[in-house]
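J.: Can you look at this prediction? I've put the sequence above it.
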2 protein chains.
Amino acid sequence: MSSLRNPVTSGHPQARISDVARRAGVSVGTVSNVLNRPHIVADPTRQLVHDAIEQLGFVPNASARQLRAGASRTAGVLVLDISNPFFMEVARGIEDRLIEDGLTMILSSSDGDPGREQMILDTFAQQRLRGVLLTPSQRTVDHLERLTDQGTDVVFLDHRPRAKGFASVVTDDAAGGRTAVAHLLSLGHRRIGFVNGPLSLQQCRARQTGARRAIRAAGGAAELVEQQVETLDAAGGEAGMARLLAGNPDVTAVFCVNDLVALGAMRHARACGLALPEELSVIGYDDVSFAGELAVPLTSVRQPTYQLGWSAADLLLTEAAPRPVVFQPELVVRSSTGPASRRGERSEPRLSTTGGGALE
Amino acid sequence: MSSLRNPVTSGHPQARISDVARRAGVSVGTVSNVLNRPHIVADPTRQLVHDAIEQLGFVPNASARQLRAGASRTAGVLVLDISNPFFMEVARGIEDRLIEDGLTMILSSSDGDPGREQMILDTFAQQRLRGVLLTPSQRTVDHLERLTDQGTDVVFLDHRPRAKGFASVVTDDAAGGRTAVAHLLSLGHRRIGFVNGPLSLQQCRARQTGARRAIRAAGGAAELVEQQVETLDAAGGEAGMARLLAGNPDVTAVFCVNDLVALGAMRHARACGLALPEELSVIGYDDVSFAGELAVPLTSVRQPTYQLGWSAADLLLTEAAPRPVVFQPELVVRSSTGPASRRGERSEPRLSTTGGGALE
DNA sequence: CATGCTGCTTGAATCCGTTCAATCACGCAA
DNA sequence: TTGCGTGATTGAACGGATTCAAGCAGCATG
């Protein structure tokens, strides 16, 4: 509990609103009015107060203000993974919209851990925030009670809650999953791998639904080989791809639940000496900024990422009735996907440098 | 100023600490003690209070708490660019360390705009935060007065302030710049481009210093061609590279001030039909996660990113006396750099698809 | 039996703004 | 002259916790 002491400490303690009032020769009520409803204060008085504020270096205390006023000027944002460019682009959209209304953003990452999520939501609840935007790592909304109880508005990001009446902004992930797999089918692939994340995440579940639907639509000819991973990042993708190929050397294409996973999957494929897309096609999801610049430019399903965040914040700030907003995804074809090849006929997978159990 | 109304609103207004006290049959002081110094409360009493809290769904009001106690449980973080993976990795380190002590993080991005920076720091000041970690977009520390005045501790991220007595965590950028250019020199390059960012950013200035030092150490043989860009992202890198090559078709290697800029630079080089690294070597800085996975795996100067953030937060939480912490960068050689070639002899640059003025 | 000590609990004062009913000043109409 | 309306200003109550001097009970000691 020690404290750095910084050098720029000027002597005076810290002006309160009453100091300003005294200096300006007005009442505290008037100072408060200057701060919050300047239009009802007479011009000369307002000037007086501004001068006093300037001279004393007065900075209003947000806690005191909020305690009385009830309403906070910040919104909380809880994402699954702070180091996923997708979420940061969303966060950027949120912040830009919030700042238009002079709000600030508290950003935290649950890392997909429900315990950590709970803890973060608890501190959010204590802050009596203006609103909370979140991508939950669980399927229930029960643990949001604490928030809604005290009037904090909730907007779901990239998640459509089962319970009616919550605001949410999502991309149609089922459509996205369908599109991705349909693209692979159209290239002639028949045995298709799907490296998916935890099904407790709605995104994963919806993309799975879409993927299966596409397979079903193709009739009995096609097959989806699903492989679960724990973490939605490159390490997860690498491990998932290793397990998938180990058990199913004959898949000719792989749909990865997001681009980071696809990145890891491609890393593994390269380590195995597989040529992309000649021997193996890979498609990702999100179309993160660098997807087009990779060793093998990644085919992906684009979400309107920034727009997603911006709309979520806008929903929070301007809408009276909670409603769901749905965006449509868009296929972006690059070179990581190509026509199905004969590789499926080879007898066994080549040497894998990353062991199949290397999930970390 | 309307408000979403979420459905999960249970009737009761919102329990205060006095409600808990009444329910538990103790005084408010005791409830407060259970919350803040549980060890001084007798076991049975503590249990009583916990039960009451549970039954009433009591959530302490952070504003009221902070108003009286003075100390906040959050730290503010201000970075230059929220969508740069480098800063997000830093933020992850910060948050992990903060959460160990039960603090939360307010994260904002100045986008390198001093005006926006000022505004964000103002709201930070109003919150009476426990501490602020920031990468400033200006060189002065004057505008931090408001913060330090009210006892908010400041730690600089990736920036070593001129003023003595501030805590800071940096990588030795001069050494990094020197290393980068020395690497290019060792490969035989003599005319070396340097796509740098605004010199108001200390990182840019320090890397410049190091780069120049390396050139000077090489004697008169080598030359550094500097090109400034406004924004430290891929778009900036693309534009900067275009301008650099337009004016200096004979450079055989380019040092980019960070990896995003390098990404843009390589994009432009590819658009020009230049082969990397045969015709042009490119080296970046930061070694972001995907640097090794790019079309041409990027040689870069690695910073201990996560560690940088973690240490900064640790400094804030545990150190009494402000001090600077300096990490050493590390060269990571990949395939985007190679021996100098004869390309410099060609008469003029090839067609550029992105115009030289495409800075946006 | 008086005294001191320890450990626990109490309750009023306090933190710093916002809010709103009450007051005031002033000009105009009756 | 009185009365009224309007616009500006005042000041006290209030929000929900923390803090701390004071009180209290119980036990050990002299």
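T.: Cool, got the structure.
J.: hey, where'd the strands end up in the stretch 201-350 of chain A?
T.: A:223-228, A:253-256, A:281-286, A:299-302, A:324-327, A:330-332 (DSSP state E, counting those that start in this stretch).
J.: after the host helix or strand of A:Leu78, next one along is what?
T.: In this structure, A:Leu78 sits in strand A:74-79 according to DSSP states H and E. Counting by DSSP H and E, the next helix or strand C-terminal to strand A:74-79 is helix A:85-100.
J.: can you tell if the lowest-mean-pLDDT helix or strand in chain A touches DNA strand D?
T.: Lowest on mean pLDDT, DSSP states H and E among the helices and strands of chain A sits helix A:145-149, with a mean of 82. No - residues of helix A:145-149 contacting DNA strand D under Cβ under 7 Å from any atom of the strand: none, with a closest distance of 12.6 Å. For glycine as for every other residue, the C-beta is placed from the backbone atoms N, C-alpha and C.
J.: wait, does that helix contact chain B?
T.: Yes - residues of helix A:145-149 contacting chain B under Cβ under 8 Å from any Cβ of the partner chain: A:145-146, A:148-149.
J.: okay, those residues in CSV with distance to A:Leu280 next?
T.: Below are those laid out as CSV (distance: Cβ to Cβ, whole Å):
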residue, distance to A:Leu280
A:Glu145, 47
A:Arg146, 47
A:Thr148, 47
A:Asp149, 51
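J.: quick check, nearest of the residues you listed to A:Ser108?
T.: Nearest to A:Ser108 among the residues of helix A:145-149 next to chain B: A:Arg146, at 15.5 Å, using Cβ to Cβ.
J.: The closest one - how many residues pack around it?
T.: 19 (other Cβ atoms under 10 Å in any protein chain shown).
J.: One more: A:Glu278?
T.: For A:Glu278, using other Cβ under 10 Å, the count is 12.
J.: which residues touch the one residue in the stretch 201-350 of chain A that gets nearest to DNA strand C?
T.: Going by Cβ to the nearest atom of the strand, DNA strand C is nearest to A:Leu317 of the stretch 201-350 of chain A, at 18.0 Å. By Cβ atoms under 8 Å, 6 or more residues apart in numbering or on different chains, the contact list for A:Leu317 reads A:97-98, A:101, A:103, A:131.
J.: Buried subset of these as a ChimeraX selection?
T.: In ChimeraX syntax, the buried subset of the contacts of A:Leu317 is picked out as below (16 or more other Cβ atoms under 10 Å in any protein chain shown):
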select /A:97,98,103,131
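J.: can you redo the contacts of A:Leu317 as CSV with pLDDT?
T.: Shown next, in CSV, are those (pLDDT from 0 to 100):
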residue, pLDDT
A:Arg97, 95
A:Leu98, 93
A:Asp101, 89
A:Leu103, 88
A:Gly131, 94
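J.: Surely A:Leu129 is in contact with A:Thr152?
T.: Yes - between A:Leu129 and A:Thr152 there is a contact under Cβ atoms under 8 Å: 5.2 Å.
J.: Spit out the contact partners of the residue nearest the centre of chain A.
T.: The centre of chain A sits closest to A:Phe87, judged by Cα atoms, centre = their mean, with a distance of 3.3 Å. Contacts for A:Phe87 (Cβ under 8 Å, 6+ apart) come out as A:79-81, A:109, A:135.
J.: Parallel or antiparallel, list what pairs with the strand holding A:Leu78.
T.: strand A:104-109 (parallel), strand A:131-134 (parallel) (DSSP bridges).
J.: Which residues does the shortest one contact?
T.: In other words, strand A:131-134. A:75-79, A:94, A:121, A:124, A:147, A:152-157, A:159, A:309, A:312-313, A:316-317, B:4.
J.: got any ranges where chain A has weak pLDDT?
T.: A:1-13, A:140, A:342-360 (pLDDT under 70).
J.: at 50 instead, please
T.: Applying pLDDT under 50 to chain A picks out residues A:1-3, A:8-9, A:344-360.
J.: Spell out which residues of it are next to DNA strand C.
T.: Residues of chain A lying near DNA strand C (Cβ under 7 Å from any atom of the strand): A:14, A:16-18, A:28-29, A:31-33, A:35-36, A:58, A:60-61, A:64-65, A:67-69.
J.: Can you say which of those residues are buried?
T.: Counted by 16+ other Cβ under 10 Å, the residues of chain A next to DNA strand C give A:16-17, A:31-33, A:35, A:58, A:60-61, A:64-65, A:67 as buried.
J.: Could you dump the strands paired with strand A:74-79 into a markdown table and include distance to B:Ala167?
T.: Formatted as a markdown table, these follow (distance: least, Cβ to Cβ, whole Å):
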| stretch | distance to B:Ala167 |
| --- | --- |
| strand A:104-109 | 23 |
| strand A:131-134 | 32 |
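J.: just to revisit the earlier point, would you check which pair of the residues of helix A:145-149 next to chain B lies furthest apart?
T.: A:Arg146 and A:Thr148 (7.7 Å).
J.: Mind listing what's buried along stretch A:240-254?
T.: A:240-245, A:248-249, A:251-254.
J.: got it, and stretch A:202-210?
T.: Quick answer for stretch A:202-210 (16+ other Cβ under 10 Å): A:202-208, A:210.
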